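> please work out how this folds:
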Amino acid sequence: MNERFELVQKALESMLEGKKYATLRDILITMNPADIAALFSSTEETKIPLLFRLLPKELAAETFVEMEPEEQELLIKGFSDNELKEVLDELYVDDAAALVEEMPANVVKRILRQADPEMRSSINQILRYPENSAGSMMTTEYVSLRPAMTVEESILRIRRQGVDKETIYTCYVTEGRKLIGIVTVKDLLLAEDDEIRVRDIMETNLISVTTHTDQEEVAKMFSKYDFLALPVVDMENRMVGIVTVDDAIDVLEDEATEDMEKMGGILPSEKTYIRSSAWELFKNRIPWLLLLMVSATFTGMIITAFEDALAVQVVLTAFIPMLMGTGGNSGSQSSVTIIRALSLDELKLADLPRVVWKEIRTAVLCGLALAVVCYLKLWLVDGKLLGNGDITPQVNLVVCLALFVTVLSAKIVGAVLPMAAKALKLDPAVMASPFITSIVDALSLLVYFLFANMLLPL
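Numbers count the residues shown, from 1 in each chain. Here you go, the predicted structure:
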């Protein structure tokens, strides 16, 4: 797929340089808007306005929605007022609202000046809702029907209103603006009689969200119920808009990216990696690096506290990286599993005892397997094969016992901390690999030296 895209890109660049605009237009109109936007993002900025103006009006608007904010701003600054109005007229309200949120103030003023009064009103309505809520991601463009309408009247209404609506497959039945049911185009087309009333075929067992429902929860409902669109109502069950599946997919992608960044010890960013400057990457990464660096000094303090023991049994130093690494990996495995289960609503806080008990059993099995393999490796490879006389049976026992307890404690910590974060209304992803690894490193050293003091002549 990438090779094909590169070939198309080279061909279009060649046509652009040769000023073969008619051929270029013929190729672009066969492409998907998302692919055209990707093509623009890899093209010189000075050439983007020319390529954009080759597109038919409707395709241009669809491509504009798919473009990065920086490229959209570039185009808007180069648009005449008529060109800007043409693009805005083709945008759905939710896309126009998202555009306004992304643009600087001077560009927003120009956008609102060129938008028609109805769109301006709809944009302002959406922007009033809290960020990351269902209200902020919905569109007010949907097909509404009345319960007393016949099938024939409903289909006629869809034909008249559906041109400017984002989706027409699901229609919403309202009475006095209150949502009372839904009916699909399939239901209408397959109705036995054109005179059947909407109230007789509509579905009244409704699932809806309020304008203040968190957008991540909304997106999960699409995954759970396989919706194409989800109605949004106010606190009095009055219909105010719908959220469509394409917007839900965008939210899921953004939330997954945010969780991955947090789990990697990076502050979430709105920009893509390519669009982020080195300074912005620095600002996102340095807070966690500073915190983790300071927390790592605790492991140094523990080693310093037991330096006399290390002076007597220098061989113990060789196994510190293995213990700390295995402990960190064990904790990370548990934390990632629990964080994922929490994000999918597979776990509740009430499940904590079951989670801990399951992780203890898993840790015992993992710890025993690792300890046995470690014991055999130290005895056969280091002791017999390499002839390392410092690795006595007592040293071997200390290392293996410390390894077992480290794995046990790491898995418990890795499971408990994300759930504790959830209980404190924090994002569980914060309690991922970097944070847990720092805690487990200190625990593994404490366990190691405690066993060494008990079982070795120090």
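> which intervals of this protein have sub-threshold pLDDT?
1-3, 5, 263, 265, 431-433, 458 (pLDDT under 70).
> domain map for it?
Following automatic domain parsing, one gets these domains for the chain: 2-128, 144-259, 278-455.
> could you export those as JSON lines, including distance to S269?
Backbone N, C-alpha and C define where each C-beta goes, glycine included. Shown next, in JSON lines, are the domains of the chain (distance: least, Cβ to Cβ, whole Å):
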{"stretch": "domain 2-128", "distance to S269": "13"}
{"stretch": "domain 144-259", "distance to S269": "9"}
{"stretch": "domain 278-455", "distance to S269": "5"}
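> how about those in a markdown table, adding distance to L267 and mean neighbour count?
Putting these into a markdown table (distance: least, Cβ to Cβ, whole Å; neighbours: other Cβ atoms under 10 Å) gives the following:
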| stretch | distance to L267 | mean neighbour count |
| --- | --- | --- |
| domain 2-128 | 19 | 16 |
| domain 144-259 | 10 | 17 |
| domain 278-455 | 4 | 17 |
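> so which of these gets nearest K271?
Using Cβ to Cβ as the measure, domain 278-455 is the one of the domains of the chain that comes nearest K271, at 6.8 Å.
> packing partners of the helix ranked longest in the chain?
With secondary structure taken from DSSP state H, the chain has its longest helix at helix 393-423. For helix 393-423, the helices and strands in contact under the criterion 3 or more Cβ pairs under 8 Å, 6 or more residues apart in numbering; DSSP states H and E are helix 320-343, helix 352-376, helix 433-455.
> elements contacting the second one?
In other words, helix 352-376. Helix 352-376 packs on helix 320-343, helix 393-423, going by 3+ Cβ pairs under 8 Å, 6+ apart.
> can you map out the strands along the stretch 51-200 of the chain?
Ranges of strands within the stretch 51-200 of the chain are 144-145, 170-175, 178-184, based on DSSP state E, counting those that start in this stretch.
> roughly how far does L417 sit from R354?
Distance from L417 to R354, counting by Cβ to Cβ, to the nearest Å: 17 Å.
> I should have written P418 there, sorry.
The gap separating P418 from R354 is 15 Å, by Cβ to Cβ.
> make TSV out of the helices and strands packed on helix 393-423 and add distance to D246.
Formatted as TSV, those follow (distance: least, Cβ to Cβ, whole Å):
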stretch	distance to D246
helix 320-343	21
helix 352-376	35
helix 433-455	32
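> out of those helices, which comes closest to G383?
helix 352-376 (10.2 Å).
> what about the closest one, distance to the chain center?
Taking Cα atoms, centre = their mean, to the nearest Å, one finds helix 352-376 lying 31 Å from the centre of the chain it belongs to.
> how long is stretch 340-348 from one end to the other?
End-to-end distance of stretch 340-348: 12 Å, with Cα to Cα, to the nearest Å as the criterion.
> do stretch 199-213 as well
Note: stretch 199-213 ends 28 Å apart using Cα to Cα.
> state the distance from I320 to A442.
I320 is 12 Å from A442, where distance means Cβ to Cβ.
> same question for R361.
Noted for R361: a distance of 25 Å to A442, by Cβ to Cβ.
> tell me who's in contact with the closest residue to L50 other than its chain neighbours.
Nearest non-adjacent residue to L50, counting by Cβ to Cβ, 6 or more residues apart in numbering: L16, 7.5 Å away. Contacts for L16 (Cβ atoms under 8 Å, 6 or more residues apart in numbering) come out as 24, 47, 50-51.
> can we see that at 10 Å?
Contacts of L16 were listed using Cβ atoms under 10 Å, 6 or more residues apart in numbering, and they are 24, 43-44, 47, 50-51, 54.
> pretty sure it sits in a helix.
Yes - assessed with DSSP: H, G, I helix; E, B strand; the rest coil, L16 lies in a helix.
> please report how far it lies from I48.
In terms of Cβ to Cβ, L16 sits 11 Å off from I48.
> now N329
46 Å.
> W379 too?
Distance, W379 to I48, using Cβ to Cβ: 67 Å.
> include secondary structure when you put the contacts of L16 into CSV, please.
Putting the contacts of L16 into CSV (three-state DSSP) gives the following:
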residue, secondary structure
L24, helix
T43, coil
E44, coil
K47, helix
L50, helix
L51, helix
L54, coil
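> can I get the residues you listed in TSV with distance to I274?
Below are the contacts of L16 laid out as TSV (distance: Cβ to Cβ, whole Å):
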residue	distance to I274
L24	25
T43	14
E44	15
K47	18
L50	22
L51	19
L54	25
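> closest to A350 out of these?
Proximity of the contacts of L16 to A350 (Cβ to Cβ) peaks at T43, which lies at 53.7 Å.
> contacting residues for the closest one?
9, 12-13, 16, 50-51, 71.
> export these as CSV, with columns for distance to A410.
Shown next, in CSV, are those (distance: Cβ to Cβ, whole Å):
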residue, distance to A410
Q9, 48
L12, 53
E13, 53
L16, 57
L50, 58
L51, 54
E71, 46
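> which one of those residues is nearest to V372?
V372 has its nearest neighbour among those in Q9, at 55.5 Å by Cβ to Cβ.
> hang on, the earlier thing: which one of the helices and strands packed on helix 352-376 lies closest to I182?
With respect to I182, and counting by Cβ to Cβ, the nearest of those is helix 320-343 at 28.5 Å.
> centre of the chain to that closest one, how far?
Mean-position distance between helix 320-343 and its chain equals 21 Å (Cα atoms, centre = their mean).
> quick one, it and helix 433-455 angle?
130 degrees (axes from the mean of the first three to the mean of the last three Cα atoms, to 10 degrees).
> and helix 320-343, what does it pack onto?
With contacts taken as 3 or more Cβ pairs under 10 Å, 6 or more residues apart in numbering; DSSP states H and E, helix 320-343 sits against helix 245-263, helix 278-305, helix 352-376, helix 393-423, helix 433-455.
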